[in-house]
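# take this sequence and fold it.
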Amino acid sequence: MEPLMHMLEWLLENLVELATILLELFGISVLVATAFKSFWMWIHNDRNHVRLVLAQGIALGLEFKLGGEVLRTVVVRDWQELGILGAIIVLRAILTFVIHWEIKNEKKELEMENQRRQE
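Next up is the predicted model:
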């Protein structure tokens with residue numbers, strides 16, 4: 001029975017590591033793609049929506065990265081590592097909250113600007 005448990009533990013660790021790497025890769029890909037898209041918009045003078053697009057991309061990228069960190073907690077071995085992961089999760093959650101707040105404010109500003117143009 002013990003060899004089976006070791007094999008299952010090894011399988012779980014490797015699956016979690018692979019999933020974590022994929023989630024972080026997705027997050028980085030979203031961040032890089034959003035940065036290029038925003039820069040392209042800025043160059044072509046579509047500056048009204050650049051901040052909104054960039055904030056939404058950063059928020060989505062952070063969500064993927066946060067998912068990877070949460071998944072990583074499955075294979076934590078000691079309390080110190082859990083504390084470090086917990087701090088990273090809290091910081092990323094705070095960043096995500098602040099970015100979502102910024103997105104909401106940016107949308108309100110764009111709506112007000114559009115209303116002023118229509119008047």
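# would you map the helices across the chain?
2-43, 50-72, 79-118 (DSSP state H).
# could you check the angle the lowest-mean-pLDDT helix or strand in the chain makes with helix 2-43?
One helix or strand of the chain scores below all others by mean pLDDT, DSSP states H and E: helix 79-118, with a mean of 87. Orientation check (axes from the mean of the first three to the mean of the last three Cα atoms, to 10 degrees): helix 79-118 against helix 2-43 gives 30 degrees.
# deepest of the helices of the chain, which one?
Most buried of the helices of the chain, by mean neighbour count (mean count of other Cβ atoms under 10 Å): helix 50-72, with a mean of 19. Heads up, the C-betas are built off the backbone N, CA and C, glycines and all.
# got the contact list for that one?
16, 19-21, 23-24, 26-28, 30-31, 33-35, 37-38, 41-42, 85, 88-89, 92-93, 95-96, 99-100, 102-103, 106-107, 110 (Cβ atoms under 8 Å, 6 or more residues apart in numbering).
# distance between that helix and the chain's centre?
Distance, stretch centre to chain centre, for helix 50-72: 2 Å (Cα atoms, centre = their mean, to the nearest Å).
# give me the most central residue, this protein.
Centroid-nearest residue in the chain, with Cα atoms, centre = their mean: residue 62, separated by 1.3 Å.
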